[in-house]
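Student: Sequence unavailable; structure follows:
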DNA sequence: AAGGTGATTTCAGCTTGTGCAATCACCCTA
DNA sequence: TAGGGTGATTGCACAAGCTGAAATCACCTT
């Protein structure tokens, strides 16, 4: 018999998502999350630097995958196309199969300002990483920043559509449409 | 002799900016800010809902001005051009004359994650407001979201350039260049 | 069998943020 | 000029987030 039940981190994440979903982020205390996971508050803070971070473990893995795909992308692609291709691959590999959980998590985040701000922070870090990956391909930094930001914008548009109830298309399929819409909106001068 | 020294809010803002600048956001307590402003911690929280918000009073006024300019803009302008024009007007009216303070405040924000997240949250609210103003002009919501996001992206690029030491151009003059660069980067495929 | 490892726990303490009641100079009105 | 209302400020008590230090103890190595 092991000294401790296994998978403490996963238990904390599951307990937190459930509780945030049931009663909201603010009305849930860390002690409560820990109790449901059969752990203590101190153990929660051993695994997560703050109460919000328990919902964001995936974002780091996502970022690494995306950066890897950009580095591996055909070197002839325009910056924006390279990033969008990376988003498409990662959408297929990591997001499509977990649609239900992703949508639930997104609803929890959308319901609370602190969590929205943390999400925006994660997106900003991702944008920086994407820009850095583009710079490593030979892009100048200013262009890399704009391409990364534009790609994030298209990604967000596609993601919002993907999480709409009744939407049947895959995220991968929605991304090219979003880029087309962005190109039309920004226009050619 | 008045019962209290006047301008409590301004004194708190000045004390906070100074202390954050001197010793960092995290190592500054609210009690310390209040003390320097010759007030109490409780009074600080009467004026600001949390410690971060003391740096963000301007963002609400900025947002109102921008939305107003979009509503007043020539109805024939493309969505992106309408937003960029609003940014140019507001840059002249509210930002250019306060360059020194704006740059100092930006440096403080850039040095702390919590403040960056709050700033991103304010930007997101601004983006929503801009999109709403465009929708009110007859834009469909999806296009409004993309135009607002693209304008914010160009604005950020111009702003970053504007805050660089040695930069002599005005923010208003930098904005059109940023839009041109964005158009080139998003490109025609 | 002895000793080190490392996840977990306990505890004490600081900081943020809030509700509530009290203060008291200023202003308005009678 | 007296009296009462206003409203910015304050003190107090307390919940909740978060941290450093030290203790525990099943498991693993040797």
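Tutor: Looks like it came in fine. Quick caveat: nothing in here was measured; it's all calculated off a predicted structure.
Student: How much space separates residue A:63 from residue A:176?
Tutor: According to C-beta to C-beta, to the nearest Å, residue A:63 stands 22 Å off from residue A:176. The way it works is simple: take the backbone N, C-alpha and C, and place the C-beta from them, glycine included.
Student: ah, wrong one, I meant residue A:161
Tutor: Residue A:161 is 12 Å from residue A:176, by C-beta to C-beta.
Student: Residue A:72 too?
Tutor: Residue A:72 is 20 Å from residue A:176, where distance means C-beta to C-beta.
Student: Same question for residue A:119.
Tutor: 24 Å.
Student: Can you give me the pLDDT of the residue most central in space within chain A?
Tutor: Nearest to the geometric centre of chain A sits residue A:59, at 4.7 Å (C-alpha atoms, centre = their mean). We have a pLDDT of 97 for residue A:59.
Student: Equivalent analysis for residue A:68, please.
Tutor: So residue A:68 comes in at 98 (pLDDT).
Student: Pop out the phi and psi values for it.
Tutor: Here is the backbone geometry of residue A:68 (degrees, to the nearest 10): phi -60, psi -40.
Student: rewinding a little: the more surrounded of residue A:161 and residue A:176?
Tutor: More neighbours surround residue A:161 than the other of residue A:161 and residue A:176, with 16 against 13 (other C-beta atoms under 10 Å in any protein chain shown).
Student: Report the contact partners of the closest residue to that one other than its chain neighbours.
Tutor: Using C-beta to C-beta, 6 or more residues apart in numbering or on different chains and skipping residues adjacent in sequence, the residue nearest residue A:161 is residue A:174, 5.3 Å away. By C-beta atoms under 8 Å, 6 or more residues apart in numbering or on different chains, the residues touching residue A:174 are A:158, A:161-162.
Student: cool, residue A:18 as well?
Tutor: residue A:36.
Student: For residue A:150, give its distance to DNA strand C.
Tutor: Distance, residue A:150 to DNA strand C, by C-beta to the nearest atom of the strand, to the nearest Å: 33 Å.
Student: cool, residue A:182 as well?
Tutor: Residue A:182 is 36 Å from DNA strand C, by C-beta to the nearest atom of the strand.
Student: and that residue, what pLDDT?
Tutor: In this model, residue A:182 carries a pLDDT of 98.
Student: ok and the helix or strand where it lies relative to helix B:171-186, angle-wise?
Tutor: Element membership for residue A:182 (DSSP states H and E) is helix A:171-186. Going by axes from the mean of the first three to the mean of the last three C-alpha atoms, to 10 degrees, helix A:171-186 is angled at 130 degrees with respect to helix B:171-186.
Student: hmm, back to that, turn the contacts of residue A:174 into JSON lines, including pLDDT.
Tutor: Below are the contacts of residue A:174 laid out as JSON lines (pLDDT from 0 to 100):
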{"residue": "A:158", "pLDDT": "98"}
{"residue": "A:161", "pLDDT": "97"}
{"residue": "A:162", "pLDDT": "97"}
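Student: what would those look like in TSV with secondary structure?
Tutor: Putting the contacts of residue A:174 into TSV (DSSP: H, G, I helix; E, B strand; the rest coil) gives the following:
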residue	secondary structure
A:158	helix
A:161	helix
A:162	helix
